[in-house]
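J.: coordinates for the following, if possible.
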Amino acid sequence: SEEDLRRLFTETIPAAAREKKWGRKRVMLYLHGGLNSEADGAKRAVAFRDKCLANEIYPLHLMWETGPLETIGDVIGDLFTQADERAGGGLLDGLRNAKDLALELTASPIGGPMWSEMKENAWRASDHRQGKGAIQLMKQYALAALNEASEDERKTWELHVVAHSAGSILFAHAVEHLCSLGIPFKTLQFFAPAIRIDEFKQYALPAIKDGRCPKPTMYMLTEQQELDDEVGPYGRSLLWLVSNAFEDQRGTPLLGMKFCFKHEPALRRQFKEVIESAPRNTAGATCTSQTHGGFDNDAPAMNAVLTRILGK
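T.: Now for the predicted structure:
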């Protein structure tokens, strides 16, 4: 609610920082992906809290409406059963590529509108007609808190952003608001961003190029890991499904897909780091997530996030 946001920025964050006598007031804004229920978002916020606070990082989670997408695996399961029955039963289950193509074509009329609605929610968070989008309110209350701080105090604040999957779409529309807070924007980290490459270039890249936004670090699956992942009976990762079924054109290039990103050498140069996930139990690996949804449950990846925020 608006009251919760006001209290968060005018009371909770400064109080937490004062009580622990933090030298730097680091705020980590975490933007979750598009297959998360409200309960999932709340569990993640609780799971992150103590570890972040122990490292003098204040985690701020924006729990945004992703519609019924969290049930898409069940929806696809039903669609697969229907498609398989039309094929005579058992046929598609043995033909992986045919099965995935059938699911993409069948899921598109249902998943496409869901995805479009979610993207509009991401946009409206920064551009609500009545100024009540979550990013708009966050900026309003953050500026109110900062205006009460001295110039020396404001210099101790830092902004860090972590965006998972569709959270990158939310970030792309929010970037101008975040850059105008008047505090150092220190790090930007993406987990398998689900944003279209053309939309990333349109909305986020200008601020990166002119230095108002830090060059991002990206964590991504390898091409084989993308193909080994699944969404319900769909035998590839969510990004493949979005690219081939949910966007308005089949094969839409997405930023977090290695298959697409490797063909963008100029764009790659705008990233500080690109980290491909290693196999599990790889010694010294920065990231070992094997699935699209597993990055924020992966201990090496989360330790890497903390390392880059802390700079040590």
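
J.: got a list of what the residue nearest to L310 when sequence neighbours are not counted touches?
T.: Excluding its sequence neighbours, the residue lying closest to L310 (Cβ to Cβ, 6 or more residues apart in numbering) is N55, at 6.3 Å. C-beta coordinates here come from the backbone N, C-alpha and C atoms, glycine included. For N55, the contact set (Cβ atoms under 8 Å, 6 or more residues apart in numbering) comprises 306, 309-310.

J.: got the phi/psi numbers for N55?
T.: Note on N55: its backbone torsions stand at phi -100, psi 20 [degrees, to the nearest 10].

J.: show me where the stretch 51-200 of the chain has its helices.
T.: Remark: helices assigned in the stretch 51-200 of the chain by DSSP state H, counting those that start in this stretch are 72-86, 96-124, 134-147, 151-154, 167-179, 197-203.

J.: and the shortest one, how far out from the chain's middle?
T.: This means helix 151-154. Distance of helix 151-154 from the chain centroid (Cα atoms, centre = their mean, to the nearest Å) equals 30 Å.

J.: pLDDT weak spots in the stretch 201-312 of the chain?
T.: Along the stretch 201-312 of the chain, no part satisfies pLDDT under 70.

J.: and the helices in it, which stretches?
T.: Counting by DSSP H, counting those that start in this stretch, the helices of the stretch 201-312 of the chain are 205-209, 223-228, 238-241, 258-261, 265-268, 299-310.

J.: among these, which is the most enclosed?
T.: Highest mean neighbour count of these: helix 238-241, a mean of 26 (counted as mean count of other Cβ atoms under 10 Å).

J.: need the contact partners of that helix.
T.: Under Cβ under 8 Å, 6+ apart, the answer for helix 238-241 is 35, 76, 100, 103-104, 107, 111, 165, 192, 194, 226-227, 229, 231, 234, 254, 256-257, 292-293.

J.: surely P216 meets V274?
T.: No - using Cβ atoms under 8 Å, P216 is not in contact with V274; the gap is 9.2 Å.

J.: neighbour count winner among those two?
T.: Legend: neighbour count by other Cβ atoms under 10 Å for P216 and V274, higher for P216 (23 against 15).

J.: dump the residue contacts of the more buried one.
T.: So P216 contacts 188-190, 208, 270-272 (Cβ under 8 Å, 6+ apart).

J.: what does D198 give?
T.: Contacts of D198 (Cβ under 8 Å, 6+ apart): P253.

J.: how far away is it from G251?
T.: Separation of D198 from G251 (Cβ to Cβ, to the nearest Å): 13 Å.

J.: same question, Q202
T.: For Q202, the distance to G251 - Cβ to Cβ - is 19 Å.

J.: K132 now?
T.: 37 Å.

J.: pick the most deeply packed of the helices of the stretch 51-200 of the chain.
T.: It is helix 167-179: most buried of the helices of the stretch 51-200 of the chain by mean count of other Cβ under 10 Å, with a mean of 24.

J.: check which helices and strands that helix sits against.
T.: In terms of contacts (3 or more Cβ pairs under 8 Å, 6 or more residues apart in numbering; DSSP states H and E), helix 167-179 is packed against strand 25-31, helix 96-124, helix 134-147, strand 157-164, strand 185-191, helix 197-203, helix 205-209.

J.: please name the bridge partners of the most centrally placed residue in the chain.
T.: In the chain, the residue lying closest to the centroid (Cα atoms, centre = their mean) is H164, at 2.1 Å. Residues in a beta bridge with H164, per DSSP bridges, are F191.
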